[in-house]
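Engineer: model the following, please.
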Amino acid sequence: MPSPSLLAAGLGALRRFWRPFLLIQASALALGLSYAFSDRVRAACAAIAAWRTAGGWPLTMVTGAVAGGLMPELAKLLTDRARTWRAARIPEVLFNTAFFAVNGLVIDGLYRGEALLFGDDARVTTVMAKTAFDQFVFTPLWLVVIVVVFLFRRRGFSWAATRPALRAGFYRQRVLPLLIPNFCFWIPIVSIVYALPGPLQFLMFAFALAAWSLIMVFVASQDDDASDDDNGAAAAAAARVARGVTNLS
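Structural biologist: Got it, this is the predicted structure:
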């Protein structure tokens with residue numbers, strides 16, 4: 001079993017965003033049930049899937065941006081009445097939206113490549129092969145890029161400030177805390193998605209991505225080194241004040 005420290009960041013994200021997380025997952029479940037019992041929903045899903053295919057990579061990027069960048073923000077607003085929109089968050093939301101647009105293009109390329117490598121059917125062996133490649137080959141590498149990108153933003157888009165965080169232990173300290181929750185969330189999800197009918201795969205993945213982005217952005221944006229520096233500076237300041245009080249006495 002993963003150590004508690006490796007799961008702590010993912011669990012912290014769930015504790016903070018469990019309401020929008022459940023809203024998105026419940027919406028995905030409702031879509032799946034509607035698809036099973038409604039001819040109109042099946043026809044609508046098929047039309048959306050065809051529209052996405054015809055739209056090519058621009059629409060793929062727009063879909064990723066909406067699913068990963070905008071849907072989570074909307075879910076937060078809908079599930080937390082105390083939450084108010086702050087203009088200061090606009091750069092963060094724009095950054096997340098742009099990232100997930102590129103991420104959508106990368107994932108689309110992954111799925112197309114897997115279809116060429118393993119086939120485009122829903123047999124158990126095909127689903128298992130795609131899931132294994134997705135989670136144990138592609139994901140451990142792609143998460144490195146994700147963590148570096150979000151750390152780069154966190155440190156003011158300064159490579160000089162980011163480079164020290166890439167020292168020895170980077171993967172263990174920064175990537176594994178995201179990789180372990182990723183396995184827990186995505187292994188069952190992609191196993192289901194790969195086995196779904198084609199028209200439903202696209203929409204279900206979009207809902208899953210929206211839910212996952214709540215965890216991923218929270219974990220990938222953590223900057224322990226910066227917070228340690230801040231804590232160290234605060235402790236030093238407190239010590240100086242204490243010495244001054246002692247001298248006065």
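Engineer: residue 91 versus residue 176, what's the distance?
Structural biologist: Going from residue 176 to residue 91 by Cβ to Cβ, to the nearest Å gives 28 Å. In short, each C-beta sits where N, CA and C put it, glycine included.
Engineer: brain fart, residue 138
Structural biologist: Separation of residue 138 from residue 91 (Cβ to Cβ) stands at 29 Å.
Engineer: same check on residue 122?
Structural biologist: From residue 122 across to residue 91, the span is 42 Å (Cβ to Cβ).
Engineer: equivalent analysis for residue 118, please.
Structural biologist: Distance, residue 118 to residue 91, by Cβ to Cβ: 40 Å.
Engineer: before we move on, what about residue 218?
Structural biologist: 17 Å.
Engineer: comparing residue 176 and residue 91, which residue is more hemmed in?
Structural biologist: Set residue 176 next to residue 91 and count neighbours by other Cβ atoms under 10 Å: residue 176 wins out with 19 against 10.
Engineer: do a quick rundown of the helices in this structure.
Structural biologist: Per DSSP state H, the chain carries helices over the ranges 4-37, 39-65, 71-79, 90-118, 124-133, 139-154, 159-162, 170, 176-195, 198-220, 224-248.
Engineer: what number of residues lie near residue 14?
Structural biologist: Neighbourhood size, residue 14 [other Cβ under 10 Å]: 17.
Engineer: can you pull the pLDDT of it?
Structural biologist: Residue 14 carries a pLDDT value of 78.
Engineer: surely it touches residue 216?
Structural biologist: No - checked against Cβ atoms under 8 Å, the pair residue 14 and residue 216 is beyond contact range at 12.0 Å.
Engineer: among the helices of the chain, which gets the worst mean confidence?
Structural biologist: Mean pLDDT is lowest for helix 224-248 among the helices of the chain, at a mean of 40.
Engineer: nearest spatial neighbour of residue 166, chain-adjacent residues omitted?
Structural biologist: In space, and not counting its chain neighbours, residue 166 is closest to residue 148: 7.2 Å by Cβ to Cβ, 6 or more residues apart in numbering.
Engineer: return the distance of the one you found relative to residue 99.
Structural biologist: Noted for residue 148: a distance of 12 Å to residue 99, by Cβ to Cβ.
Engineer: what does residue 125 give?
Structural biologist: Using Cβ to Cβ, residue 125 is found at 34 Å from residue 99.
Engineer: and residue 63, how far is that from residue 150?
Structural biologist: From residue 63 across to residue 150, the span is 21 Å (Cβ to Cβ).
Engineer: and residue 44, by the same measure?
Structural biologist: With Cβ to Cβ as the criterion, residue 44 and residue 150 are 35 Å apart.
Engineer: what's the burial count for residue 96?
Structural biologist: If you count neighbours by other Cβ under 10 Å, residue 96 ends up with 24.
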